[in-house]
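> I would like to see how this sequence folds:
(chains A and B)
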Amino acid sequence: MKHTMKGLLGAVAMIAFTLPAYAADITVDLAGEPSSLDPHLQWNPDSYYVYRNIFDNLLTRSNAGEIVPQIATSWTQLSETELELTIREGVTFHDGSSLTPEDVVFSVKRITDPEFGSPQLGQFNQITDAKVVDGNKVVLTTAGAYPALMAQLVKLSIVPQKVVEAMGKDAFNAAPVGSGPYKFNDWSRGVAVSLTRNDAYWGDAGPFDNATFRAVPDAATRVADLLAGTADLVVSIDADAGAQLSSNADVKLLSAPTERVGYMGLNLDKAPFNDLDMRKAASLAIDRLGITEGLLQAGEVPVSQMATPAHFGYSADLPLFDFDPEKAKQLTSAKADLAATPIELATAPVFDQRIVQAVQQMLNDVGFNVSISMTDMPTYLGIVRSEPSENSELSFGRWSCACQDADGIIYPTLHSDSAWSRVNLPEIDALLEEARVSLDPAVRQAAYDKVNEMVRENYYLLPMYQAAVLYGAAADLEFDPTANESMFLNRMSIVE
Amino acid sequence: MVRFLLNRGGQALIAVFGVVTLVFFIQRLSGDPTALLLPETATQADIEAMRVTLGLDRPMIVQYFAFLGDLIRFDLGRSYVQNADVWDIISSRIPRTLQLAGGAMAVALLIGVPVGVIMALTRGRRISKALMWLILAFQSMPTFWSGITMILVFGVWLRWLPSSGTGTFAHLIMPSIALGLLSLATYARITRSAVLDELSKDYVRSARARGVETGRLVRHHLMRNSLIPIISITALELSQLLAGAVIVETVFAWPGLGLLTVQSIAARDFLVVQAIVLLGAFVTIFANVAADILYSAVDPRVRLAGKT
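As a prediction, the model looks like this:
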């Protein structure tokens, strides 16, 4: 008895001493506050970093990038246009009600309703119908065969029908109720959103009791917060700030290649890039490795195509572009008048201007006549999406579809239908359409391989690098950054 | 006095109307927010649909009159970026900016005015010159630099103060100093020249001859007579503080109107920007009217002049 008592006291003391180490909270500094916590509304990183912890998605991606079950436990393709998903049982929302297949159907219909006006509509508008079958299954119907459907469902959050209908759009956005590993606690507008752990979560709820996402717009201040210990994880920092972190033992720098491709868009309807030799010269002049390793230094990788290893449709065997400024000079001097055509390089402040300036310098060094035209983002978007005659000769761009499928990046940048595309070739259009509707991965891969090769040979645009994302973290925080730039609290841990 | 106030009120209204109209059109000249609201993959059809949803497809003049109509009913509209009422968004930020402006004003007045008096009384001596150098340094330091330097020194190295954010009194100290430094310099220089002006007057010489000690002379004679320029500069400084808050709030992640302004402009959140500018114009105009009224309280001659 005495021993038991002692043991018990000892255990209590041990718990009391060890508890503070485990009863951890996390503070994350974001660049801005979420625009919305309703996952069917605004879709930008500062929003989804937060709401993806409050809500479960129909499917998710593992840290390795595989599509794995979340609310759907399994799925079968019934026909070209029908996908049947089995809905997980025993999942409850934060208000205690059960998550049902009806909630899944409601979520699909809500986000695809044009009246609702979701900015994400374009990602889901291929879905024409959703219905419950056999009590625990949901069948989604698409307008045609749609191989990227699964990749899109990774981003479909499930909301509780009864709660949403009772609260209304605004109230739900202000106090969201989900089924995810963290419960909404408080949103102090402009300051922070705080979450608490959902101890009733069906999966792993993660190591933190509470999580706070703060809006800290200045990157230098975010880094200072991390160094001062008032933040545990900070986003959107550059390599210079990273260098500052790597000299401090209390913090660490985390980096992951993303699915974002940095590229130069060429106007194929205007001189000088309506000429193949000029396009080739421009490509030969750009030192891609110099940009990634000398300039960006955050783990970026040169690419040979408008896709990355994180995408389905990536052609692994396509060799990188050559860097040969001497050969470029030969090409430009052979057509010196053409090369001297004034070239406007469109860019916007959100992009890393070091890259833009480096590219300008590299091109001018071999005989081009490039000047930078920097405008604010909406003006830039207006320019790069306008008709070829009004478009700039050259533009810098970064592209991500957050779907990890080549369809989301190659189609919009190369198909003649898309406002972004400067390319108008029936052969490329046909290949991209084939890849868009085929459910056979081998057929799709073959089509993308062909397109990637054609783009590389004809320099229709100039892919440069796979972008990386940098995070600063406290030394004891374990966090695996992923290509889709998600931040799941329940996949983090604290090391002693 | 009533006519004076009515006159001033009428002028103020016209100014507010002009500001609102200018802001409405200039903002819309600079581009359309729909492209920013939608993901990169949005098609032209998606963009058009969103423009209709937001009412941005209507002719600009129709949008303008709809906006004026709402304004008369005190309806500031709804932010389509933040999905909330503009008034709710702004009203939650106003107290934060008032706190910051109050803190900065306290720093500027409580340090700036005494420093100005000391500089005037010690004119030509080494201490006055040293203070002048310091004041000039304060005036020349850009806020984003002094702010981040303070964060590094007091937040990261010494850890005396929280590096950013809001919540406690300690959070307020660094942003207030960063924002107040520029005004502090202005106050010190204005006070110095006003006091010097008074020092050369006959009544000061007589008072000194009567044997009035310096402290009493400053408190009872010099200060009151030097107040007019300080009051009129306060009205100007108040609008300066609101402008400076844009940078200070960004550096310190202080969730006030300044930070909201930056975020709203970047996101093309037209209605929020309009409302902030309207508020700014209102504050500036009101501060000037208030300064006019205060003059008359301090100096009865101004009141008499207003009557005629």
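
> Can you name the residue of the stretch 101-250 of chain A nearest chain B?
Here the residue of the stretch 101-250 of chain A nearest chain B is A:Gly190; by Cβ to the nearest Cβ that distance is 3.4 Å. C-beta coordinates here come from the backbone N, C-alpha and C atoms, glycine included.

> near chain A, which residues of the stretch 101-250 of chain B show up?
Residues of the stretch 101-250 of chain B lying close to chain A by Cβ under 8 Å from any Cβ of the partner chain are B:148, B:151-152, B:155-156, B:159, B:162-166, B:250.

> So among those residues, which ones count as buried?
Among these, the ones that count as buried by 16 or more other Cβ atoms under 10 Å in any protein chain shown are B:148, B:151-152, B:155-156, B:162-166, B:250.

> Just give the closest residue to residue 80, not the sequence neighbours.
As the question left the chain open, I've gone with chain A. Once flanking residues are discounted, A:Glu80 sits nearest to A:Ala145: 4.2 Å by Cβ to Cβ, 6 or more residues apart in numbering or on different chains.

> not quite, I wanted chain B
What sits nearest to B:Tyr80 in space, not counting adjacent residues and going by Cβ to Cβ, 6+ apart, is B:Leu54, at 5.4 Å.

> one step back: how much space between the residue nearest to A:Glu80 and A:Thr81?
Shown here: A:Ala145 relative to A:Thr81, a distance of 6 Å by Cβ to Cβ, to the nearest Å.

> Count the residues that sit near residue 296.
With no chain named, the answer covers chain A. Using other Cβ atoms under 10 Å in any protein chain shown, the number of residues around A:Leu296 comes to 21.

> other chain: chain B
Neighbours around B:Ser296, by other Cβ under 10 Å: 17.

> And the residues of the stretch 101-250 of chain B next to chain A, which is closest to A:Arg222?
B:Ser164 (8.2 Å; Cβ to Cβ).

> Name the nearest residue to the closest one, sequence neighbours excluded.
Nearest in space to B:Ser164, with sequence neighbours left out and distances taken as Cβ to Cβ, 6+ apart, is B:Ala253 at 4.3 Å.

> what do you get for B:Phe286?
In space, B:Phe286 comes closest to B:Ala12 once its chain neighbours are excluded; the distance is 7.4 Å by Cβ to Cβ, 6+ apart.

> which residues touch that neighbour?
Contacts for B:Ala12 (Cβ atoms under 8 Å, 6 or more residues apart in numbering or on different chains) come out as B:285-286, B:289.

> Redo those residues as CSV? Include pLDDT, distance to A:Thr347 and neighbour count.
CSV is the format used below for the contacts of B:Ala12 (pLDDT from 0 to 100; distance: Cβ to Cβ, whole Å; neighbours: other Cβ atoms under 10 Å in any protein chain shown):
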residue, pLDDT, distance to A:Thr347, neighbour count
B:Ile285, 78, 39, 20
B:Phe286, 79, 42, 14
B:Val289, 76, 45, 16
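
> Out of those residues, which sit inside strands?
Members of the contacts of B:Ala12 lying in strands (criterion: DSSP state E): none.

> Which single one of these is nearest to chain A?
B:Phe286 (24.2 Å).

> So the residue nearest to A:Glu80 is in contact with A:Gln77, correct?
No: between A:Ala145 and A:Gln77 there is no contact under Cβ atoms under 8 Å: 9.5 Å.

> Would you tell me what the next helix or strand after the host helix or strand of B:Arg3 is?
According to DSSP states H and E, B:Arg3 maps onto helix B:2-29. Once helix B:2-29 ends, the next helix or strand along the chain (criterion: DSSP H and E) is helix B:34-37.

> What is the subsequent helix or strand relative to that following helix?
Using DSSP H and E, the helix or strand that follows helix B:34-37 in sequence is helix B:44-54.

> now that following helix, how far from the centre of its chain.
Distance, stretch centre to chain centre, for helix B:44-54: 38 Å (Cα atoms, centre = their mean, to the nearest Å).

> Give me the contact list for it.
A:114, A:117, A:119, A:121-122, A:385, A:419, B:32-35, B:37-38, B:42, B:57, B:80.

> export that helix as PDB, just CAs?
Taking C-alpha atoms only, helix B:44-54 is exported to PDB below (Å, rounded to 0.1, in the frame of the first residue of the first chain):
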ATOM      1  CA  GLN B  44     -12.100  34.200 -68.500                       C
ATOM      2  CA  ALA B  45     -15.700  32.900 -68.000                       C
ATOM      3  CA  ASP B  46     -15.000  32.400 -64.300                       C
ATOM      4  CA  ILE B  47     -13.800  36.000 -64.100                       C
ATOM      5  CA  GLU B  48     -16.800  37.400 -65.900                       C
ATOM      6  CA  ALA B  49     -19.200  35.400 -63.700                       C
ATOM      7  CA  MET B  50     -17.400  36.800 -60.600                       C
ATOM      8  CA  ARG B  51     -17.700  40.400 -61.900                       C
ATOM      9  CA  VAL B  52     -21.400  40.000 -62.300                       C
ATOM     10  CA  THR B  53     -21.700  38.500 -58.700                       C
ATOM     11  CA  LEU B  54     -19.800  41.500 -57.400                       C
END
